[in-house]
Every structure is written in structure tokens, then in C-alpha cells.
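Visitor: one predicted model, sequence on top.
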Amino acid sequence: MKQKFYYSPLGDGGVGGDMDERLWEYIDGLSSAEERYSIEKLLETNREWKEKYHELLEIHQLVQSSALEEPSLRFTKNVMEGIAKYQIAPAAKTYINNKIIWGIGIFFIALVVGFLVYGFGQIDWSAKSDTKLPVDISKVDFSKFFNNTYVNVFMMINVVLALMLLDKFLESKKKKIHKEA
Amino acid sequence: MPTGPSDTEIISLVLKGDYNAYSLLVERYKSYVFTLTLRFTKNREDAEEVSQDIFIKAYRSLADFKGMAKFSTWLYTIVNTTCITFLRKKKLDIRSLDDEKTFEIADNQDSGFRANQVEQKSRQNMVNQAIAMLSPDDAQIITLFYKNEQSLEEIGQILGLEVNTAKVRLHRARARLKEKMEKYFVEEVRDL
């Protein structure tokens, strides 16, 4: 575990404004063993840390000791009367049919494939290679196309979608690694 | 620790048709749900109504509870969404306390609190009043962590946040609670 070092103009053991955060983690029991040891050392030797620790601990204990709010005495009865009018809804997975979702997906994929096959079918593959295109591609000014607002918006949407997909992919990877750990 | 049948045992009874078993869950969680709801609504009548609505929603969706998380975590997710919908409907200001307007609201609440300071000097009242002065977001995260015994992972799940974001939010909420207590309850804190 890396030791954390922070610049502090207060000479408080090099922790500066991060003191609160580290102390809260210590109080919540979320610090690592190494961090706990380092904080305990600071509490023994540094008066400022000790004072802050007691201040935060007091808040922590006060909040912990506060009572829950109680609803009216009729609360449970009211809820039971309320639910008597209803039935438990079936679980979402029972009415979302996966076959239908797969069917819709397959339909769209088939549509795209169909268009591609039709497009390629229109190409005359036997045509000579020296056939000249009506336009000289090397002379086309592409900057004209990208100056169009609609094209730019379209490109931007695609970039955003690509980033979202990448984010989803990385998120699922992260979760997988987290689960394995 | 709850005594009697576990949450999952009660849920399976309810799903098998024992509708009355649901009252055990209501009894077990009503104070937690009511406290959380009160953090949003800021008044008991609305909190009571919204809490009842939450338990009815939970009952209707009970078949969707898969037991992947604790029942309480699942229930607090419903609390969160229902309360946000309530605030939207009421068009209440849910901005943080950094907002000038919210400061005014807190100051107005303070004048009321000071009026009956003598009667409400107890430790518990003081903390609850200080929490009530926070924004719903801050009050909610403090309540979930301290009162509803949810871990940071579970809080993240309920609020749809990363664990680290939940941790930062909790730190900030506690810092603001400390400010409130120092500002409005300085004498009470000294007396404790």
C-alpha cells in the first residue's frame, strides 16, 4: 500500500486539509491497517490531530445515538388496508419475453444484411478496372461536407454513442475484475 | 438485529399468499422508512403518506425482489425514487445548502427551533433538528449510513452512485452537519 503524503503549511505531519477525510475513514473503520497505524501515531504525537479526532468522534457518537422518527400508531394498519386493494404484480421477467426481444434484434440485423447483399448485388464485378469514376476522388473537397451542420451533428452523435459504448464496456470489465477480486 | 422470521422467510410467505405476513415487514422497517422520508418531506403528514405509498409499492413489486441485495437496500431504493418523485411533484427546492435560498430556509427553520430550545434540549432532538436543517440529499445519506445501517456499497446501490462518490458525499454531508451543529446548537453541544 502506498503511503499518502500531503503538503501541509501547518506542520501537522504532512496531511493538511485531508485530515478530516482520513479521520472520518478511521472513525468509520474503513482505513487500511497501515493507514490506521499511521493515524494512531499522529494521534499520539500531534495535538491538532488529537483535537480534531475528538471533535469528529463527538459528532459521530451524537449522530449514532440519535433516535429514529416514529410514524403514527395506525401506520401499519393503514398500509395493510392500502395493500388489500392490490395484488402482487408478476415479476418483470415473466412478462418480458426474451424471444420477442431476440426476434426484434434478428429482424433488424437481417434488414441490414439484406440491404448490404442487395447493394453488392448491384455492382458489376466484371467491369474493367480502368473504369473511371465520374468524379476524381483526389480532387474532392471534403471540407465542404464537414462544414455542413447536419453532418457535424451526425458525427457528434456517433462519437457520443461510441464513447457510451466504450464506457459500458469498461464498466462491465471493471465489475468483472471487482467480482473476481 | 431483527428477531423472528428473516426478511426472506416473510417475503416467501407473502408471495405464497399469506398477505398478513407483510405486516411483519412493515413493523420492522416503518421507522427507518419514515425517518428517511421525513428527511425529504420535512413534515410528518407528508412523510406518513409517502411512507405508506412506499410500502404499498414495495408490496406490489415484491415478486421482483430477487434477494441479490438485502431487503432493506431494495426497499430504500424505492424510498429514494418515491421521495424524488414527491419532491418533483411538490416542486420543492432540492438544491444543496450552498444555495443562497436554502440558507434562507435553514435560517427560517432556525428561528422556530430557537423558540423552543428549552424543551428540546435533549441530545437526540438536537441531532435530529440539525439533520432536518440539511438538504434532503445530505440528510438522506447520513440517515442511511447511521440509522439504516447501510454500507457505502449499499448506499451507492440505493442512490445509483459509485462507492467513492458515496463516500465523498457522506464526508461532505457530515461536514455540513458539523457546521450546523456548531452554528445553531453550540450551547447544547457544550452541555453534553
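Guide: Cool, the structure landed. Numbers count the residues shown, from 1 in each chain, chains lettered A, B, ... in the order given.

Visitor: care to break chain B down by domain?
Guide: B:7-90, B:100-191 (automatic domain parsing).

Visitor: ok, chain A next?
Guide: A:16-65, A:146-181.

Visitor: pLDDT of the first one, averaged?
Guide: Domain A:16-65 shows an average pLDDT of 88 in the prediction.

Visitor: quickly find the element holding A:E70.
Guide: According to DSSP states H and E, A:E70 maps onto no helix or strand at all.

Visitor: isn't it right up against B:L38?
Guide: No: shown here, A:E70 and B:L38 do not form a contact pair, counting by CB atoms under 8 Å, at 10.3 Å. Backbone N, C-alpha and C define where each C-beta goes, glycine included.

Visitor: compare the two (neighbour count), which wins?
Guide: When A:E70 and B:L38 are compared for neighbours, B:L38 comes out ahead with 26 against 12, by other CB atoms under 10 Å in any protein chain shown.

Visitor: for that one, list the residues it contacts.
Guide: Going by CB atoms under 8 Å, 6 or more residues apart in numbering or on different chains, B:L38 touches A:E69, B:R44, B:A47, B:A132.

Visitor: buried subset of those residues?
Guide: Of all the contacts of B:L38 considered here, the ones buried according to neighbour count by 16 or more other CB atoms under 10 Å in any protein chain shown are A:E69, B:A47, B:A132.

Visitor: about what we covered before: need the contacts of B:L38 in a markdown table (columns: secondary structure).
Guide: Below are these laid out as a markdown table (DSSP: H, G, I helix; E, B strand; the rest coil):
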| residue | secondary structure |
| --- | --- |
| A:E69 | coil |
| B:R44 | helix |
| B:A47 | helix |
| B:A132 | helix |
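
Visitor: the domains of chain A: which one's closest to chain B?
Guide: Taking CB to the nearest CB, domain A:16-65 is the member of the domains of chain A nearest to chain B, at 4.9 Å.

Visitor: close to chain B, is that closest one?
Guide: Yes: using CB under 8 Å from any CB of the partner chain, domain A:16-65 reaches chain B at A:20-21, A:24-25, A:30, A:55-56, A:58-59, A:62-65.

Visitor: whichever of the residues you listed end up buried, select them in PyMOL.
Guide: Selecting only the buried entries of those in PyMOL, with 16+ other CB under 10 Å as the criterion:
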select buried, chain A and resi 20+24+25+56+59+62+63
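
Visitor: give the contact list for A:A84.
Guide: Counted by CB under 8 Å, 6+ apart, A:A84 has contacts B:Y19.

Visitor: for it, grab phi and psi.
Guide: Backbone torsions of A:A84, given as degrees, to the nearest 10, read phi -60, psi -20.

Visitor: list the contacts of the helix or strand harbouring B:V168.
Guide: Taking DSSP H and E as the criterion, B:V168 maps to helix B:163-184. Contacting residues not belonging to helix B:163-184 are listed as A:20-21, A:24-25, A:30, A:55-56, A:59, A:62-63, B:97, B:106, B:110, B:113-114, B:126-127, B:129-131, B:133-134, B:137-139, B:141-142, B:145, B:152-153, B:155-156, B:159, B:161, B:189 [CB under 8 Å, 6+ apart].

Visitor: out of the residues you listed, which end up buried?
Guide: Applying 16+ other CB under 10 Å to the contacts of helix B:163-184 flags A:20, A:24-25, A:56, A:59, A:62-63, B:97, B:106, B:113, B:126-127, B:129-131, B:133-134, B:137-139, B:141-142, B:145, B:152, B:155-156, B:159, B:161, B:189 as buried.

Visitor: so which of those belong to strands?
Guide: Counting by DSSP state E, no part of those is found in strands.

Visitor: circling back: mind putting the domains of chain A into JSON lines with distance to B:K89?
Guide: Below are these laid out as JSON lines (distance: least, CB to CB, whole Å):
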{"stretch": "domain A:16-65", "distance to B:K89": "30"}
{"stretch": "domain A:146-181", "distance to B:K89": "30"}
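
Visitor: which stretch among the ones you listed is buried most, on average?
Guide: Neighbour counts (mean count of other CB atoms under 10 Å in any protein chain shown) averaged over each of the domains of chain A peak at domain A:16-65, with a mean of 15.

Visitor: and that domain, how far out from the chain middle?
Guide: 30 Å (CA atoms, centre = their mean, to the nearest Å).

Visitor: in chain B, which spans are helices?
Guide: B:7-15, B:22-41, B:44-60, B:71-90, B:100-115, B:123-132, B:136-146, B:152-159, B:163-184, B:186-191 (DSSP state H).

Visitor: phi, psi of A:K99?
Guide: phi -60, psi -40.

Visitor: which ones are touching it?
Guide: Neighbours of A:K99 in contact, by CB under 8 Å, 6+ apart: none.

Visitor: state the distance from it to A:A91.
Guide: A:K99 sits 17 Å away from A:A91, going by CB to CB, to the nearest Å.

Visitor: distance of A:T149 from A:Y118?
Guide: Relative to A:Y118, and taking CB to CB, A:T149 is found at 31 Å.
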